[in-house]
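Undergrad: next comes the sequence, and after it the predicted model I'd like to discuss.
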Amino acid sequence: MLSRIYLPKGTDGNDKAPQYLNLNALYQYLSLGEWHEIGSKWDESIPVIAKVGGAVLVGRPCQTLSVGEDTNPAELLADDYRAVEIFPGLGNSGERAYSNSWYEDDGISPAPAKISTFVISYGWSETEIRVAFEQRLQEGYSPTWKGLSIILPTGDKRDVYFDGHTMAFICTDERSRRVFGSENRYISKL
C-alpha cells in the first residue's frame, strides 16, 4: 500500500537539498515542497519521516528508577542508558552544524526542579559524521548514564567521530541501524 504525503519547504533557504528521510526504507531521502508516495505496510510499521538534522533521544525501554530516588522497593533498573538517533543528510553539510537539546532533572524534586541541559550537534561529509556533545549540569545533579551512544539511520555506512575522536562501532541492531558508543549494554532491547 502507498501513502501520499506532502513535505513542506525548509526555512533555511537551502531548498535544493534533500531535507527528509524515510526511516522505513533503506536510505531514501525525500525532496522538499513536493508530494511523495511512500510504502506503508500498516501491519508492519506506520510511515516514519525524519527531518534531516534532527535527533531522537533513546533511553531504556522499560520503567526505571529516577536519579533522585534513594529507595527501590520495586527493584527497578537504574536509568543508566542514553543514545541519540541522528538523521544526517547526503553529501556534505559544510560548516553547518545541526544542534538538538534535551533536558533532565532528578525526577522527584518539587517545582521548580533543577533542570540540566544536554546538547548534541552534528555535521557530515560523504565519509564521516562529526558529533559534539555538551552538558550543562545543575549543582547536585549527576545523571546515572555515563556514556552516550549514537544511532545512524538504516543503510548509513559512515564512521562517527565524537568530540574529535573515532567513536567505537558497537553493533548493528535488529532494524539494521549502526550503533556507536563506548558502552551499549542494552541495544538488543531497543
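TA: On my side now, so go ahead.
Undergrad: CA atoms for contacts and neighbours, from now on please.
TA: OK.
Undergrad: ok, residue 79 touching residue 67?
TA: Yes: Residue 79 is within contact range of residue 67, at 7.1 Å (criterion: C-alpha atoms under 8 Å).
Undergrad: any common contacting residues for those two?
TA: residue 144 (C-alpha atoms under 8 Å, 6 or more residues apart in numbering).
Undergrad: show me what the helix or strand encompassing residue 57 is packed up against.
TA: If you go by DSSP states H and E, residue 57 is part of strand 55-58. Applying 3 or more C-alpha pairs under 8 Å, 6 or more residues apart in numbering; DSSP states H and E, one finds that strand 55-58 contacts strand 82-86.
Undergrad: buried ones in whichever helix or strand comes after the strand it packs on, by neighbour count?
TA: Going down the chain from strand 82-86, the next helix or strand is strand 98-104, by DSSP H and E. Buried positions in strand 98-104, judged by neighbour count with 16 or more other C-alpha atoms under 10 Å: 98-100, 104.
Undergrad: next helix or strand past strand 98-104?
TA: strand 116-124.
Undergrad: tell me the helices and strands packed up against the least confident helix or strand in the chain by mean pLDDT.
TA: The least trusted helix or strand in the chain, going by mean pLDDT, DSSP states H and E, turns out to be strand 64-65, with a mean of 80. If you count contacts as 3+ C-alpha pairs under 8 Å, 6+ apart, strand 64-65 packs onto strand 77-78.
Undergrad: just give me how far the strand it packs on sits from the chain centre.
TA: 21 Å (C-alpha atoms, centre = their mean, to the nearest Å).
Undergrad: what strands flank that strand, and is each parallel or antiparallel?
TA: In the sheet, strand 77-78 lines up against strand 64-65 (parallel) (DSSP bridges).
Undergrad: and the contacts of the partner strand?
TA: Under C-alpha under 8 Å, 6+ apart, the answer for strand 64-65 is 72, 76-79.
Undergrad: tell me the contacts of residue 175?
TA: residue 154.
Undergrad: and if we set it to 6 Å?
TA: Applying C-alpha atoms under 6 Å, 6 or more residues apart in numbering to residue 175 gives no contacts.
Undergrad: nearest to residue 48 among the buried residues of strand 98-104?
TA: residue 100 (19.0 Å; C-alpha to C-alpha).
Undergrad: and residue 171, what helix or strand is that in?
TA: Per DSSP H and E: strand 169-172 holds residue 171.
Undergrad: what residues sit buried inside that strand?
TA: Neighbour-count burial for strand 169-172 [16+ other C-alpha under 10 Å]: 170-172.
Undergrad: and it, what does it pack onto?
TA: Using 3 or more C-alpha pairs under 6 Å, 6 or more residues apart in numbering; DSSP states H and E, the elements in contact with strand 169-172 are strand 178-180.
Undergrad: how close does the residue lying farthest from the centre of the chain sit to residue 163?
TA: Ranked by distance from the centre of the chain (C-alpha atoms, centre = their mean), the top residue is residue 73, with 32.0 Å. Relative to residue 163, residue 73 is positioned 39 Å away (C-alpha to C-alpha, to the nearest Å).
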